[in-house]
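Undergrad: Below are the sequence and a predicted model for it; my questions follow.
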Amino acid sequence: GGVGCCKGTGHVAGHQAKLSAALTSMGPSDIKLGQFLATRDDIVGRELARDLASLQDRLPPFSQDEAVKAVEAALEAPIDTLYAEFGPPVAAASIAQVHKAKVKGPNGALKDVAVKVLRPGIEQRFQKDLDSYVLAARMIERFHPPSRRLKPLAVVDTLAKSVAIEMDLRMEAAAISEMADNITDDEGFRVPTVDWTRSARRVLTLEWIDGVPIANLEKLRAAGHDLKT
């Protein structure tokens, strides 16, 4: 009985891992759908939601030339007048990627910044996929009455609204600034500063901050941090 149970668990886990891999290979919208469903264990079940929660939002970067063109179009200026240096992407996800760049301060000193750029054509790609999700949700509600209590159309609508917010980087900039205001008096916290002169709907420029991920305990210890504190 025990061996059978373990075999069954491994079999299910294998299918869950395959689902995460399949969603990743299918593209940006499906990665977002998987991450969103990870928050809805009432729909997909606890085990599947736990697996989808580990779905990594990483994709190959788009080209440097495309990034430069996107920044110039969004900020309406040549790249070399906006940044002293504009490096290659350091991270790429389903909706945007990040470049490390440098800007010249009032005193002429160079300062590192992070530049987040939306993927070219991502809005149209998401709209096309969301339309297909709406069609699927309508079919489910029409032909499978037990699923109506889960409100598939409402689920897709919530996903669409969250993605729309994520695809306007001005919203992210505003949230960052609001968070900075909210933690002004909190010791031990700091939020990167938004460079509003180099930010728009499709481009966000932030102060660059080097750090250690909070889950990397070995590096935190090596850096001399008091983990308990």
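TA: Structure's in. What do you need?
Undergrad: Break down this protein into its strands, ranges please.
TA: 85-92, 96-104, 110-118, 203-207 (DSSP state E).
Undergrad: Out of the ones you listed, which one sits most buried?
TA: Comparing the strands of the chain by mean neighbour count (mean count of other C-beta atoms under 10 Å), strand 203-207 ranks first with a mean of 22. The way it works is simple: take the backbone N, C-alpha and C, and place the C-beta from them, glycine included.
Undergrad: so that strand versus strand 96-104, what angle?
TA: 60 degrees (axes from the mean of the first three to the mean of the last three C-alpha atoms, to 10 degrees).
Undergrad: ok, and what's touching strand 203-207?
TA: 70-71, 74-75, 101, 103, 111-118, 169-170, 172-173, 176, 192-195, 198-199 (C-beta atoms under 8 Å, 6 or more residues apart in numbering).
Undergrad: now do stretch 46-58
TA: Here stretch 46-58 has contacts from 12-13, 16-17, 19-20, 23-24, 31-32, 34-35, 37-41, 44, 91-94, using C-beta under 8 Å, 6+ apart.
Undergrad: hmm, try it at 7 Å
TA: With C-beta atoms under 7 Å, 6 or more residues apart in numbering as the test, stretch 46-58 has contacts from 12, 16-17, 20, 23-24, 31, 34-35, 37-38, 40-41, 92-94.
Undergrad: Stretch 84-96 too?
TA: With contact meaning C-beta under 7 Å, 6+ apart, stretch 84-96 is reached by 28, 31-32, 57-61, 64, 67-68, 79, 97-104, 110, 116-119, 122, 166-167.
Undergrad: Run the chain-centre distance for it.
TA: 13 Å (C-alpha atoms, centre = their mean, to the nearest Å).
Undergrad: tell me the mean pLDDT for it?
TA: The average pLDDT for stretch 84-96 rounds to 94.
Undergrad: low-confidence ranges in this structure?
TA: Scanning the chain with the threshold set as pLDDT under 70 gives 1-17.
Undergrad: so what's the residue nearest to V71 when sequence neighbours are not counted bridging to?
TA: Spatially, and ignoring its direct neighbours in sequence, V71 is nearest to V203 (5.4 Å; C-beta to C-beta, 6 or more residues apart in numbering). In this structure, V203 bridges to V117 when assessed by DSSP bridges.
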